[in-house]
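A.B. asks: here is a sequence with its predicted model. Questions after.
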Amino acid sequence: MSTNVSVADVAALLRDCDPALVLTGAGISTESGIPDYRGPDGNRRVTPMSHQEFIATSAARQRYWARSFIGWQRFSAAEPNAGHRAVTGLQRAGAFGTVITQNVDGLHQDAGTRDVIELHGSLAEVECLTCGERVDRDLVQAFMDDANPGFASLAMGLVGDGSQVSSQIRPDGDIVLADSAVQTFVAPRCLVCRADTVKPDVVFFGGSVPKARVEQCFALTDAAPALVVLGSSLKVMSGYRFVRRAAAHGIPVVVVTKGPTRGDAETTHRIDASLGVTLSALADELAVSVD
């Protein structure tokens, strides 16, 4: 059963075991300016495009890419925050081991964290669902920029009444954009087969994490001395299953996040607090230097 504890209690647990397995969610990136899908109460504030919707029609893909084209300009400018840097420091010091992240923003790696498993993939790569070709997102972004001159200015409200776009970025790099603003947008095509079925190499809502990746994470969970969950409400089964697995094996589960989680019944150590200040305090408690 979930028990509220202090940073000192978590530090004591980590001192007495081998490097803990870490699972991170959108909450660790909010201090970098990337809002999560849910508020502190765990309820979803926005609904992202689903995998089924994306693959269904060219119009849906056009809408996604128009919104993502604008969102990427801000999303890709995000920088690691104190929480990311603390994770890196704690990993280098041996308190943390492998980091499984549900995020697709690459901020753990930007902060210097190694041995990161991107459970839901990465927005930095794009794949063709027809032929399997993979390219860097920057190449796709450059194509859309050339093919849609002036679109960014229009979408960001520099032209018109300014009501066509919301400035809120989502964890998948998407942004709210009215359908009327995307009707003439030229979506990217595969450079090899020319199909319009290119998508970011991420697992959309309703999609499935590759089986081999799930099995790898299960194996890491089974071998872990402790599982530390950072910034996740655990509402989505793709992350929650590892908490359930750890609890079933009697492995301590530490959760640091704001608000309630789906895994409170399986949690042994709970801190309801912001990630940056809490992880920085944990690093201090363990005498870990954070760059």
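C.D. replies: It's in.

A.B. asks: longest helix anywhere in this protein?
C.D. replies: Assignment by DSSP state H gives helix 58-75 as the longest helix of the chain.

A.B. asks: so what does it touch, helix or strand wise?
C.D. replies: Under the contact criterion of 3 or more CB pairs under 8 Å, 6 or more residues apart in numbering; DSSP states H and E, helix 58-75 touches helix 51-56, helix 137-147, helix 151-155, strand 165-169, strand 175-177, strand 198-202. Heads up, the C-betas are built off the backbone N, CA and C, glycines and all.

A.B. asks: again, only this time at 7 Å
C.D. replies: Secondary-structure packing of helix 58-75 (3 or more CB pairs under 7 Å, 6 or more residues apart in numbering; DSSP states H and E): helix 51-56, helix 137-147, strand 165-169, strand 175-177.

A.B. asks: for those, which one ends up most surrounded?
C.D. replies: Mean neighbours per residue, mean count of other CB atoms under 10 Å, is largest over the helices and strands packed on helix 58-75 for strand 175-177, with a mean of 20.

A.B. asks: for it, what is the average pLDDT?
C.D. replies: When pLDDT is averaged over strand 175-177, the result is 72.

A.B. asks: make 339 the first number, not 1, from now on.
C.D. replies: Sure, I'll start counting at 339 from here, so that last one is strand 513-515.

A.B. asks: where does the stretch 389-538 of the chain dip in pLDDT?
C.D. replies: Applying pLDDT under 70 to the stretch 389-538 of the chain flags residues 492-512, 514.

A.B. asks: again, only using 80
C.D. replies: In the predicted model, the stretch 389-538 of the chain carries pLDDT under 80 at residues 411-412, 490-519.

A.B. asks: mind splitting the chain into its structural domains?
C.D. replies: According to automatic domain parsing, the chain comprises the domains 339-372+418-458+542-629, 384-415+461-540.

A.B. asks: ranking those domains by burial, who's on top?
C.D. replies: The most buried one of these (mean count of other CB under 10 Å) is domain 339-372+418-458+542-629, showing a mean of 20.

A.B. asks: for the longest strand belonging to the chain, packing partners?
C.D. replies: For the chain, the strand that runs over the most residues, judged by DSSP state E, is strand 459-466. Where contact means 3+ CB pairs under 7 Å, 6+ apart, strand 459-466 is packed against strand 472-474, helix 475-485, strand 536-540.

A.B. asks: so how far is Leu565 from the nearest residue to Cys531 once chain neighbours are set aside?
C.D. replies: Distance criterion CB to CB, 6 or more residues apart in numbering; nearest residue to Cys531, sequence neighbours excluded, is Cys469 at 4.2 Å. Per CB to CB, to the nearest Å, Cys469 is found 38 Å from Leu565.

A.B. asks: what of Val442?
C.D. replies: According to CB to CB, Val442 stands 21 Å off from Leu565.

A.B. asks: over to Phe413?
C.D. replies: Going from Phe413 to Leu565 by CB to CB gives 28 Å.

A.B. asks: repeat for Gln521
C.D. replies: In terms of CB to CB, Gln521 sits 47 Å off from Leu565.

A.B. asks: cool, Ile393 as well?
C.D. replies: To Leu565, Ile393 is 33 Å away according to CB to CB.

A.B. asks: show me the helices in the chain, by range?
C.D. replies: Assigned by DSSP H, the helices in the chain fall at 345-353, 389-394, 396-413, 420-430, 445-448, 475-485, 489-493, 549-561, 575-586, 613-623.
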